[in-house]
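Undergrad: structure of the sequence below:
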Amino acid sequence: MIKKLSALLCIIFCITIISPLNNINVSVAANPDIIVAKDGTGKFTTVQDAIDSVPANNTKQVIIYVKNGTYQEVVTIRKDNIYLIGESNTGTKITYGNYAGKVKSDGTTYGTSGSASFYLYGKNSILENILIENSFDENTNTDGKQAVAAYIQGDRNIIRNCVFTGNQDTLYANGGRQYYINCKIVGDTDFIFGGATAVFDNCEIVSTVRGGYVTAASTDISNYGYLFLNCKLTSDAPANSTYLGRPWRPNAYVVYKTCYLGAHINKNGWTTMSGNLPENARLFEYKNTGPGAVVNSSRRQLTDANALEFTAENLLKGTDNWNPVASVKPTTAPTMTSTATSKPTPESGYSIYQAENAAYNQAIYETKNAGYTGTGYINYDNVAGGYIEWSVNVPASTKVRLNFRYANGTTNNRPMEIKVNDASTVGSMDFTPTGSWTTWNENSTDIYLTKGINTIRATSLTAEGGPNIDYMEVSEIKNTPTPSNYVSADLNGDKVINMADIIILASSFNAVRGDGKYAETSDLNKDGSINMADVIIIAAKFNSYI
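TA: Numbering: from 1, shown residues only. Presented below is the predicted three-dimensional model:
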């Protein structure tokens with residue numbers, strides 16, 4: 001017992017020392033207070049039993065580790081300071097199938113707020129690595145199809161690396177201050193709704209093929225509402241089939257800032273709800289990109305000065321200066337400079353790179369031809385040798401797809417040479433006519449990028465010049481092998497190195513090959529024993545994302 005305790009203290013110490021080097025604040029212990037496992041290898045087999053075991057007046061953080069499995073139950077947390085962490089957000093699933101019109105045993109119906117699979121009323125809590133689902137089939141022939149996956153109302157709650165899936169009314173974010181980071185939320189009608197002050201940072205917002213409405217905020221006039229920051233809105237729904245939101249209450253407050261908006265987003269952006277007009281609510285955008293990021297009179301844009309107000313830190317600070325951003329791995333927003341005729345700042349990861357934020361030579365920045373997605377586009381007309389250049393910083397050597405959005409209003413092809421790190425990678429890439437300078441098409445090619453900063457340059461090859469360039473999108477090709485330095489430390493395979501991996505490592509600490517407790521995957525340096533050398537490896541990569 002003493003040996004195990006010493007090992008765990010060593011792990012905590014190592015993370016505490018090494019993690020500040022990665023700008024990470026880790027305050028939780030490696031050893032969970034409670035383990036939940038469907039197979040009986042934990043203290044409890046249901047999540048609710050674990051929650052119920054925590055004292056009602058709990059004042060200290062209680063770590064509940066939930067092993068992979070499907071937990072078909074309604075979970076309700078009314079206690080404070082709960083850290084509920086799953087083994088992975090693909091394997092740890094909490095699911096149930098209630099819906100608003102379902103009749104209870106007393107003859108009443110559940111209603112929307114009563115239909116959730118998961119409730120969080122407590123404050124100062126963390127949810128991590130969990131998939132929360134409402135399994136109701138909306139094709140069922142019934143009334144009251146609202147079916148909530150998660151109802152979250154407590155204050156000062158952090159939700160990271162979680163997945164919420166449903167259809168209508170997936171996530172009911174209805175009170176207090178809530179910080180969502182690196183989450184995925186799936187639904188169709190009003191699937192993020194309620195009256196909370198909530199920041200969605202670097203989240204994936206997925207509309208189902210039905211399209212519909214992303215948000216339905218009911219914000220109080222004295223509060224901030226929803227801020228979507230550096231999020232990606234995607235869907236297989238038809239173009240123009242999905243609204244950014246509609247005001248459930250007259251003072252609804254929603255801002256999309258530096259987000260990618262797919263083609264499914266309706267060109268008008270917002271629409272009415274129950275007589276509440278979008279123009280009377282507080283609905284704004286700022287420097288979004290992508291085919292759905294249309295700027296027109298119905299889509300109000302924040303000024304640069306106004307946009308400074310909309311940060312996670314400012315919206316969530318309240319009167320107690322709460323700053324959840326300081327406790328999680330920070331995300332990097334795209335560089336949004338107005339001009340970039342010098343060497344560009346390296347941008348991070350797989351993203352949209354607007355042309356106006358690149359370096360360019362023998363080319364000009366313009367806004368006169370409609371249809372671009374950012375603040376403008378780059379025109380290098382009537383000059384051979386003009387170029388546009390981006391710096392892209394990728395976490396590992398991998399194959400990627402470059403997708404250029406362009407317009408070519410001539411009747412001739414305008415080829416470009418694509419170079420990576422001054423080496424001709426593609427050679428000549430054709431940019432064929434699009435019909436007009438306001439008609440934008442996409443053209444893609446696959447290349448290989450090395451780990452770190454890569455310079456990508458597109459150079460015009462003919463005297464006519466190149467096409468007008470709106471943006472370049474860099475996306476990872478999914479079947480590229482995962483870098484070995486991440487796989488080795490990602491013990492549960494959820495593509496993030498976090499507390500769940502530390503818990504797995506701690507469970508076999510000091511084991512040696514052949515003793516029954518040894519796990520080959522936890523022996524990160526393959527020396528035949530699980531020891532402090534392995535702890536140092538995993539701690540150095542703590543909160544890294546693949």
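Undergrad: against Ile456, how distant is Phe431?
TA: 15 Å (CB to CB, to the nearest Å). Any C-beta I mention is one placed from the backbone N, CA and C, and that applies to glycine too.
Undergrad: typed the wrong thing, it's Val400
TA: 10 Å.
Undergrad: check Ser397 too.
TA: Taking CB to CB, one finds Ser397 at 15 Å from Ile456.
Undergrad: now the helices: where do they sit in this structure?
TA: 2-18, 47-52, 304-307, 312-316, 484-487, 499-507, 532-540 (DSSP state H).
Undergrad: per-residue pLDDT of the residue lying farthest from the centre of the chain, please?
TA: Within the chain, Ala463 marks the point farthest from the mean C-alpha position, 43.0 Å out by CA atoms, centre = their mean. Per-residue pLDDT puts Ala463 at 84.
Undergrad: contacts only, for it.
TA: By CB atoms under 8 Å, 6 or more residues apart in numbering, the contact set of Ala463 is 382-384.
Undergrad: please redo it, this time with the cut-off set to 6 Å
TA: Ala384 (CB atoms under 6 Å, 6 or more residues apart in numbering).
Undergrad: cool, and the one 5 residues further on?
TA: By CB under 6 Å, 6+ apart, the contact list for Asn468 reads 377, 379, 407.
Undergrad: before we move on, what about Gly318?
TA: Contacts for Gly318 (CB under 6 Å, 6+ apart) come out as none.
Undergrad: would you confirm that Trp390 contacts Ile352?
TA: No. Between Trp390 and Ile352 there is no contact under CB atoms under 6 Å: 10.8 Å.
Undergrad: follow-up on the earlier one: save the contacts of Asn468 as a markdown table, and put in distance to Val255 and neighbour count too.
TA: Below are the contacts of Asn468 laid out as a markdown table (distance: CB to CB, whole Å; neighbours: other CB atoms under 10 Å):
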| residue | distance to Val255 | neighbour count |
| --- | --- | --- |
| Tyr377 | 25 | 27 |
| Asn379 | 31 | 22 |
| Ala407 | 29 | 23 |
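Undergrad: okay, these in a markdown table with distance to Lys145 and pLDDT next?
TA: Listed next are those as a markdown table, based on distance: CB to CB, whole Å; pLDDT from 0 to 100:
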| residue | distance to Lys145 | pLDDT |
| --- | --- | --- |
| Tyr377 | 43 | 83 |
| Asn379 | 49 | 84 |
| Ala407 | 42 | 92 |
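Undergrad: the stretch 251-400 of the chain: strands as residue ranges?
TA: Assigned strands in the stretch 251-400 of the chain, in chain order: 253-257, 260-261, 282-286, 347-348, 352-354, 359-361, 364-366, 377-379, 387-394, 398-407 (criterion: DSSP state E, counting those that start in this stretch).
Undergrad: possible to save those strands as CSV with distance to Tyr65?
TA: Shown next, in CSV, are the strands of the stretch 251-400 of the chain (distance: least, CB to CB, whole Å):
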stretch, distance to Tyr65
strand 253-257, 34
strand 260-261, 34
strand 282-286, 39
strand 347-348, 31
strand 352-354, 37
strand 359-361, 48
strand 364-366, 52
strand 377-379, 50
strand 387-394, 32
strand 398-407, 32
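Undergrad: which one of the ones you listed has the lowest average pLDDT?
TA: Averaging pLDDT over each of these puts strand 347-348 lowest, since it has a mean of 47.
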